[in-house]
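S.K.: Sequence plus predicted model, see below.
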Amino acid sequence: MSSLKNNMQFLMIAATIGLSVAATVLGADLSSSRTKLSKDSGMATGPIVPNNWKFHKIGALWQRVLNTGKMGDDAYQDRTPSCDYPGGSGNSYLYRGSVWLSAFVDGVYHCTKPEDDEYSPIDSVHIITGDKAISDEDTWTKYYDVMAPQASGHFPLGLEITEKTYAWSASYAGDFIIYEFSIKNVGIDTNGDGYPDTPRDLDDFYFTLRLDGDVSKLPTWAAEYRFSNQDDHAMANGRPWDWLEYFPQLAGYDHGLTLDQADSTMVMMFDGDNPNYPADSGEEDDFGNPGVDGKLQTPGWLGFKILKTKPYLKPSSFHVCHIYNDPANDQETWDRMVGVPEFEDMLLNPSTGLPHPLDYRGILTFGPLEKLAAGDSVIVTAALGVGSDPDSGGIYSLLKLMQIMEVAQFMADNDFALEAEPPPAPVVEVAEYIENNVTTGVKITWDNLAETHAYFQFYKLSKGIKKADGSIGWQTLAMYIDTAGSVSWPPPSGSTSGTYEYIDRDILSGFVYHYSVQAYTEDISDPIPLGQTWTQIGDPKSYRVISPANPEATATLDRVKVVPNPYIGSAAWNNPAPSDNFAWEHRIQFTNLPSDAKIKIFTLDGDYVTEIQANKSVVVGEPIDVSCPSVAEWDLMTRNNQEAAPGIYMYVVNSPSLGEKVGKFVIVR
């Protein structure tokens with residue numbers, strides 16, 4: 001830290017340096033036009049566009065959708081939703097899903113894989129909602145293997161894939177996302193311009209799904225971690241259910257699963273026990289990984305099920321590979337995976353007789369189609385989902401996975417026409433509740449449109465605070481049940497017609513609070529037994545985050561405060577578990593400011609530390625809905641990007657509208 005010791009003259013220095021903030025927006029729309037790449041750039045021309053992605057965040061399953069033939073987010077840092085369950089928790093179940101397409105040309109086997117950059121995007125990812133959408137939120141995009149400038153030694157099959165996804169907010173359909181792959185033989189490029197110009201038939205066409213689940217990955221865990229991926233197991237329904245008996249945690253249950261349900265169309269992954277490591281709780285068995293609070297942190301089962309194909313492709317094989325023996329080329333892919341028509345059993349440790357804990361990938365193949373003629377297409381419809389019994393996990397989560405996939409199958413078989421719709425998600429707003437110019441609570445307001453649903457029964461209002469593992473700990477604030485004789489109905493009326501409101505007075509300014517209002521129905525039995533349905537706790541319409549603060553100062557700086565003062569590193573409102581997604585850790589607030597205030601911070605010796613300004617938060621990763629013009633936050637990092645040392649600090653508030661104020665605060669580590 002450089003010295004600016006000029007006695008106490010620094011107290012009169014006006015804050016003249018602006019604070020610029022660079023923002024990087026993940027998933028921002030890139031050009032969707034089919035721009036040609038200049039030959040002068042060293043790349044051939046063609047319809048290739050930049051990599052692009054969007055997010056499904058409306059159901060219980062949050063997922064990143066790409067235009068590269070991959071599913072999810074395999075980034076090691078700053079990971080975005082990748083089959084996150086429950087949505088908003090940051091708990092990822094998927095490292096990467098990918099589509100392999102293979103066929104024979106002149107008697108030689110070739111396979112196109114996104115892991116080898118053999119697909120190139122030819123359109124951005126587009127979102128469709130409203131009347132034109134099949135689901136609550138559709139996406140579509142296109143990619144092809146006609147030209148792959150990023151691949152080495154690529155052999156094009158001449159396939160163009162139109163990928164569509166369908167996501168629902170309904171409770172009975174919110175645990176899965178349906179993918180539809182329309183695969184067309186468009187021919188190959190012979191003149192080097194990137195556009196197919198020569199038709200060519202393909203022999204013995206295969207569709208392969210590669211599922212690389214990391215079940216699961218909390219935001220606080222590293223990408224390669226004993227709980228993330230080193231004890232996951234993969235299996236497909238092509239074998240009888242007796243493989244469950246290999247696992248002591250799954251053995252001996254009367255699960256009721258039949259051979260008819262072992263239909264060879266789904267690959268499953270789940271978190272097993274790594275005998276080399278205990279669970280987070282210290283227990284020896286880390287199956288499902290019990291956390292320090294005793295609750296399972298990885299209870300769910302990840303599944304990818306092929307619902308239908310047109311024309312029909314029969315299930316052909318299931319194999320596993322792991323991080324140490326992924327196939328290195330097309331010939332190895334054929335010799336060990338696609339060309340071996342069998343469904344593998346579990347890999348057992350000969351010394352223990354138990355399944356080997358490794359970082360597995362499940363490889364499920366369908367086909368062959370004897371000939372995919374030039375101009376013809378194959379359509380594959382599949383569902384990616386997580387089945388979870390959060391309390392018991394294990395076999396109960398498997399049964400939940402089978403249940404949600406049964407619903408997905410029903411919807412696909414009926415062209416996604418399902419008469420039983422959930423109630424509309426309540427539209428929620430939050431705001432500080434102010435009395436005598438002081439914030440004394442948070443006001444939660446929501447509309448009453450859910451009551452137009454024929455089976456509507458009640459509202460549930462929940463409040464949450466982020467826990468150390470990155471998930472949100474929810475508690476029920478209120479339930480309003482619309483039944484005969486109910487003493488809780490109706491909810492308190494809002495200030496406008498057709499709205500309700502609730503005042504939460506159990507708040508502390510500066511804390512980050514999560515709120516949601518859900519609408520629930522009675523049991524629904526038609527057209528299929530769906531049971532009780534409800535809107536998602538993380539539905540964007542119903543889920544709000546706020547860090548309450550007092551109103552903006554308009555008359556004086558006399559009420560400016562530093563909180564907490566003294567600052568203690570273990571303060572409850574800090575981030576207990578910084579991670580790639582929630583990188584901030586410490587924060588001090590300067591409150592009761594005017595919105596034009598800037599604050600310079602100095603050591604007691606007069607060393608200049610940094611400058612901050614009102615309405616700037618250090619909290620990263622929280623979708624806070626309400627701005628705080630009366631608050632400036634400091635993350636305890638100096639202008640030289642070093643952590644501020646313990647000690648006494650001076651601050652100077654400068655406001656063009658209200659003047660200056662000088663004060664002190666203390667940092668205790």
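M.R.: Nice, thanks for sending it over. Just so it is clear, the model here is predicted, and its values are computed rather than measured.
S.K.: Gln409: what secondary structure?
M.R.: helix (DSSP: H, G, I helix; E, B strand; the rest coil).
S.K.: the longest strand in this protein is where?
M.R.: strand 202-217 (DSSP state E).
S.K.: Relative to it, what are the paired strands and their orientations?
M.R.: Strand 202-217 pairs in its sheet with strand 92-105 (antiparallel), strand 360-372 (antiparallel), by DSSP bridges.
S.K.: Nearest to Trp62, out of the ones you listed?
M.R.: With CB to CB, the closest approach to Trp62 among the strands paired with strand 202-217 belongs to strand 92-105: 9.2 Å. From N, CA and C alone the C-beta is placed, and that goes for glycine too.
S.K.: what's the following helix or strand after that closest one?
M.R.: The element immediately downstream of strand 92-105 (helix or strand, assigned by DSSP states H and E) is strand 108-112.
S.K.: Sheet partners, orientation included, of the very next helix or strand once past that following strand?
M.R.: Once the chain leaves strand 108-112, the next helix or strand it forms, by DSSP H and E, is strand 120-121. Strand 120-121 has its sheet partners listed here by DSSP bridges as strand 137-144 (antiparallel).
S.K.: how far is the helix or strand following the partner strand from where the chain is centred?
M.R.: Downstream of strand 137-144, the first helix or strand assigned by DSSP H and E is strand 159-167. Centroid displacement of strand 159-167 relative to its chain, using CA atoms, centre = their mean, to the nearest Å, is 20 Å.
S.K.: now strand 159-167 and strand 202-217, what's the angle there?
M.R.: Taking axes from the mean of the first three to the mean of the last three CA atoms, to 10 degrees, one finds strand 159-167 and strand 202-217 inclined to each other by 40 degrees.
S.K.: what's stretch 145-157 in contact with?
M.R.: Outside stretch 145-157, the residues that touch it by CB atoms under 8 Å, 6 or more residues apart in numbering are 37, 43-44, 46, 48, 101-103, 105, 110, 112, 116-120, 158-160, 185-189, 194-196, 202, 330.
S.K.: State the mean pLDDT of it.
M.R.: Mean pLDDT, computed over stretch 145-157, is 95.
S.K.: Same question for it: list its buried residues.
M.R.: Neighbour counts using 16 or more other CB atoms under 10 Å place Asp145, Val146, Met147, Ala148, Ala151, His154, Phe155, Pro156, Leu157 of stretch 145-157 among the buried residues.
S.K.: try stretch 216-230
M.R.: In stretch 216-230, counting by 16+ other CB under 10 Å, buried: Ser216, Lys217, Leu218, Pro219, Thr220, Trp221, Ala223, Arg226, Phe227, Ser228, Asn229, Gln230.
S.K.: got the buried residues for the helix or strand of the chain with the lowest mean pLDDT?
M.R.: Within the chain, no helix or strand scores below strand 531-534, which has a mean of 82 by mean pLDDT, DSSP states H and E. Using 16+ other CB under 10 Å as the burial criterion, the residues of strand 531-534 that qualify are Thr533, Trp534.
S.K.: Keeping just the C-alphas, turn it into CSV.
M.R.: Coordinates of the C-alpha atoms in strand 531-534 are reproduced here as CSV (Å, rounded to 0.1, in the frame of the first residue of the first chain):
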residue,chain,number,x,y,z
GLY,A,531,-51.1,-36.3,-7.4
GLN,A,532,-50.8,-32.9,-5.9
THR,A,533,-49.1,-30.3,-8.1
TRP,A,534,-47.5,-27.0,-7.3
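S.K.: residue contacts, the residue nearest in space to the middle of the chain?
M.R.: Closest to where the C-alpha atoms of the chain average out (CA atoms, centre = their mean) is Pro81, at 2.1 Å. Listed by CB under 8 Å, 6+ apart, the contact set of Pro81 reads Phe55, His56, Lys57, Trp62, Gln63, Arg64, Asp73, Gly87, Ser92.
S.K.: Please convert the buried members of those residues into PyMOL selection syntax.
M.R.: Filtering the contacts of Pro81 down to the buried ones (16+ other CB under 10 Å) takes a single PyMOL command:
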select buried, resi 55+56+57+62+63+64+73+87+92
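S.K.: Could you dump the contacts of Pro81 into CSV and include pLDDT?
M.R.: Below are these laid out as CSV (pLDDT from 0 to 100):
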residue, pLDDT
Phe55, 96
His56, 96
Lys57, 92
Trp62, 95
Gln63, 97
Arg64, 97
Asp73, 94
Gly87, 90
Ser92, 93
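S.K.: where does the protein have low pLDDT?
M.R.: Across the chain, the ranges flagged by pLDDT under 70 are 1-45, 418-420, 468-470, 526-529, 570-573, 576-584, 620-623, 625-626.
S.K.: Run a quick neighbour tally on the residue nearest to Asn349 when sequence neighbours are not counted.
M.R.: Spatial nearest neighbour of Asn349, excluding adjacent residues (CB to CB, 6 or more residues apart in numbering): His356 at 5.0 Å. Using other CB atoms under 10 Å, His356 has 15 other residues around it.
S.K.: re the thing from before, out of the contacts of Pro81, which is nearest to Ile624?
M.R.: Proximity of the contacts of Pro81 to Ile624 (CB to CB) peaks at Lys57, which lies at 16.0 Å.
S.K.: Touching, Ala645 and Ile667? I think so.
M.R.: Yes - Ala645 is in contact with Ile667 according to CB atoms under 8 Å; the separation is 7.4 Å.
S.K.: The two: who's more crowded?
M.R.: Higher neighbour count among Ala645 and Ile667: Ile667, with 19 against 13, using other CB under 10 Å.
S.K.: Just the C-alpha atoms of the helix or strand where Ser462 lies, please, in CSV.
M.R.: Here Ser462, judged by DSSP H and E, is contained in strand 456-466. The C-alpha trace of strand 456-466 is given here as CSV (Å, rounded to 0.1, in the frame of the first residue of the first chain):
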residue,chain,number,x,y,z
PHE,A,456,-56.3,-24.7,-6.5
GLN,A,457,-56.0,-25.4,-2.8
PHE,A,458,-53.4,-23.2,-1.0
TYR,A,459,-50.4,-20.8,-1.0
LYS,A,460,-47.2,-21.4,0.8
LEU,A,461,-44.9,-18.5,1.6
SER,A,462,-41.2,-19.4,2.2
LYS,A,463,-38.2,-17.5,3.4
GLY,A,464,-34.6,-18.7,2.8
ILE,A,465,-31.0,-17.9,3.8
LYS,A,466,-28.0,-19.3,1.9
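S.K.: from the middle of its chain, how far away would that strand be?
M.R.: The chain centre lies 21 Å from the centre of strand 456-466; the measure is CA atoms, centre = their mean.
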